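Participant: Sequence and predicted structure are below.
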Amino acid sequence: MAKNWPLAGRKENLRQRARLLQGIRQFFIGKGYLEVETPHRIPTPAPESHIDAVPSETWFLHTSPELCMKRMMAAGYGKIFQICRCWREKERGSRHLPEFTLLEWYRAGADYQSLMDECEDLIGFAAQAVDAWPTMNFRGCEIDLSSPWERISVNEAFQQYTRISMTEALKKDLFDEAMVQEIEPKLGIRKPTFLYDYPAERGALARLKKAEPGLAERFEFYMGGLELANGFSELVDSEEQRKRFQVENQNRQSLGKSIYAMPDKFLAELDDMPVSAGIALGVDRLVMVFLDAETIDEVVAFTPEEL
Amino acid sequence: MYTASDLRKGLKVIIDGEPYIVTAFEFSKPGKGQALYRTKLRNMITGLSIDRTYREGETFEPASLEERAMQFLYKEGDHYHFMDNETYEQIIISEGSLGDAKNFLIENFNVEVLMFGDRAIGVDLPNFVNLRVIKTEPWVRGDTSKADFKPATLETGYVLRVPPFIEEGELITIDTRSGEFSKRVKE
């Protein structure tokens, strides 16, 4: 038996992880997406209230490939995907690693609704790659992966699962607590669930709904109570985006966090970006779900503590 | 002073003037939202548990309790008897107040008993203890199937997961903070 028996014991999990990654690549290549790579180390991350980047000399390790991938969209790359490592400071728990793997993809001409459809196709395809189609077990739930999945707006979720409305939760600054304690554990139990139409202030890079400008065209999807992905119709108005970043930076300042420089090159090119939608999916968590793993530690070769 | 990001299982803090110990901990972060630290805390005096969610930056006063070196003598029903190593005074701690520590106590074991005023409200164990495996299935050599863990029963009655090569009668080291197998002891 190897000295490092926990690592030796993860062999089957890591094999399944590799199969899943291959399935994901096959899905996107088959649909005409271009696989791209953008730098991990960037001069400034997108200013967002609650996402902290790990500094690397005077630059930062990216927290997602969002800015660079959108610059590619603006330069005319219409369908792109990337699977890469990302870093977020001080995020560690049974569902978080400070260094994790993200799948991010963008499609010109799409909106958040059509991206939800594509998510259903992707997960179905990936499930077949690991022999988990059409139903799978995660944390005692039998999840039916066949289309259509459950779709519920954030407003409805508050009505259904909490005693306060979304508006009230925002006013009383209880939105995140209600989400984590009351809503998230109920999502994606029988079928994967899309939670959509977030309050505008929770979508710093998302387009607002024309009919209801208080809401952003943003969604997340859940399986067995676990958040797996975050997608939205992209905001492609540079002036509006700059204002939103300024607000995010003000929030950061009031939370006692460092302020990030404006990503000027991204902003200068954003107006060239076509109407698009994009999404980031946590690959480690997807592996967790398919393997019915208790913690994220079981699906990676090394956790930071094991290095 | 602790902040929310210091929270972890076993940390002792003061809430509303009373000592609490963190018995479960989960880091959460709803998409684009703030970091939340969900905890289950046991009141070390009453034994009652509460659920609390904290935000980044919230602060806690550490519960600094007086510690007295004692030896575990024996267990009688729910009562665990200890003896003060200096005064030979004997005290009783209930099973509920011991929490997970009960899984690692064998006779004559030395521990630090935590005092809140005159009351003994719990014990502090070393981070690592050695205990003997009294029951576990044998390992079939060459079996490389998925089973990377198997259950084992310790001399205290505690059951935990161990790697397949551990055999009955072996001494193993357990991390008392997580309750998990740490390593095999070479005898």
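Facilitator: Looks like it arrived, so ask away.

Participant: what does chain B put close to chain A?
Facilitator: B:5, B:26-36, B:38, B:53, B:56-57, B:146, B:148-149, B:163-165 (C-beta under 8 Å from any C-beta of the partner chain). Just so you know, the C-beta spots here come from the backbone N, C-alpha and C atoms, and that holds for glycine as well.

Participant: filter those residues to the buried ones?
Facilitator: B:26-36, B:38, B:53, B:56, B:148-149, B:163-164 (16 or more other C-beta atoms under 10 Å in any protein chain shown).

Participant: Now, the residues you listed that are in strands?
Facilitator: B:26-28, B:36, B:38, B:53 (DSSP state E).

Participant: Return the member of those residues nearest to chain A.
Facilitator: Comparing these against chain A with C-beta to the nearest C-beta places B:F27 closest, at 2.8 Å.

Participant: Provide a list of residues in contact with the closest one.
Facilitator: Applying C-beta atoms under 8 Å, 6 or more residues apart in numbering or on different chains, we find B:F27 in contact with A:91-96, B:35-38.

Participant: so what's A:L103 bridging to?
Facilitator: A:I83, A:L281 (DSSP bridges).

Participant: number of nearby residues for B:F116?
Facilitator: Using other C-beta atoms under 10 Å in any protein chain shown, B:F116 has 15 neighbouring residues.

Participant: doesn't B:I45 make contact with it?
Facilitator: Yes. With contact defined as C-beta atoms under 8 Å, B:F116 reaches B:I45; the gap is 6.2 Å.

Participant: Quick check: neighbours shared by those two?
Facilitator: Counting by C-beta under 8 Å, 6+ apart, the residues touching both B:F116 and B:I45 are B:P19.

Participant: so how many other residues sit close to residue 154?
Facilitator: Picking chain A for this. With other C-beta under 10 Å as criterion, A:V154 counts 23.

Participant: my question was about chain B
Facilitator: For B:L154, using other C-beta under 10 Å, the count is 21.

Participant: which residues touch it?
Facilitator: B:103, B:131-134, B:160, B:174.

Participant: hmm, 6 Å instead?
Facilitator: B:L131 (C-beta atoms under 6 Å, 6 or more residues apart in numbering or on different chains).

Participant: Any stretches of the chain with poor pLDDT?
Facilitator: In the absence of a named chain, chain A is used. A:1-2 (pLDDT under 70).

Participant: meant chain B, my bad for not saying
Facilitator: For chain B, the ranges with pLDDT under 70 are B:141-147.

Participant: Could you list the domains of it?
Facilitator: B:2-62, B:66-124, B:128-184 (automatic domain parsing).

Participant: Could you pull up the residues touching B:R161?
Facilitator: B:R161 touches B:F149, counting by C-beta under 6 Å, 6+ apart.

Participant: who's it bridged to?
Facilitator: Counting by DSSP bridges, the residues bridging with B:R161 are B:P151.

Participant: What segments of chain B are helices?
Facilitator: Under the criterion DSSP state H, chain B contains helices at B:95-98.

Participant: Please apply the same query to chain A.
Facilitator: Under DSSP H, chain A gives helices at A:5-8, A:11-30, A:66-74, A:112-129, A:154-161, A:166-171, A:175-178, A:238-254, A:264-270, A:283-291.

Participant: got the angle between the fourth one and helix A:283-291?
Facilitator: Right, the one you point to is helix A:112-129. 50 degrees (axes from the mean of the first three to the mean of the last three C-alpha atoms, to 10 degrees).

Participant: Any residue of helix A:112-129 touching chain B?
Facilitator: No. Applying C-beta under 6 Å from any C-beta of the partner chain, one finds helix A:112-129 separated from chain B by no less than 13.6 Å.

Participant: what does that helix rub up against?
Facilitator: A:19-20, A:23-24, A:27, A:133, A:145, A:147, A:149, A:194, A:217, A:219, A:221, A:231-233, A:277, A:279.

Participant: Surely A:E99 touches A:W87?
Facilitator: Yes. Using C-beta atoms under 6 Å as the test, A:E99 is close enough to A:W87 to be in contact (5.3 Å).

Participant: Which of those two has more residues huddled nearby?
Facilitator: Using other C-beta under 10 Å as the criterion, A:E99 and A:W87 rank with A:W87 on top: 21 against 16.

Participant: check contacts around the residue lying closest to that one once chain neighbours are set aside.
Facilitator: Closest residue in space to A:W87, ignoring its immediate chain neighbours: A:L61 at 4.0 Å, by C-beta to C-beta, 6 or more residues apart in numbering or on different chains. By C-beta under 6 Å, 6+ apart, the contact set of A:L61 is A:40, A:54, A:87.

Participant: Let me see the backbone angles for the first one.
Facilitator: I take that to be A:H40. phi -80, psi -30 (degrees, to the nearest 10).

Participant: OK, contacts around it?
Facilitator: Contacts of A:H40 (C-beta under 6 Å, 6+ apart): A:61-62.

Participant: Give me the contact list for stretch B:81-88.
Facilitator: With C-beta under 6 Å, 6+ apart, stretch B:81-88 has contacts from B:68-74, B:90-92, B:113.

Participant: so how far is A:P304 from the residue nearest to A:W87?
Facilitator: 13 Å (C-beta to C-beta, to the nearest Å).

Participant: Tell me who's in contact with B:G33.
Facilitator: A:D176.

Participant: same thing but 10 Å
Facilitator: A:49-50, A:175-177, A:179-180, A:202 (C-beta atoms under 10 Å, 6 or more residues apart in numbering or on different chains).
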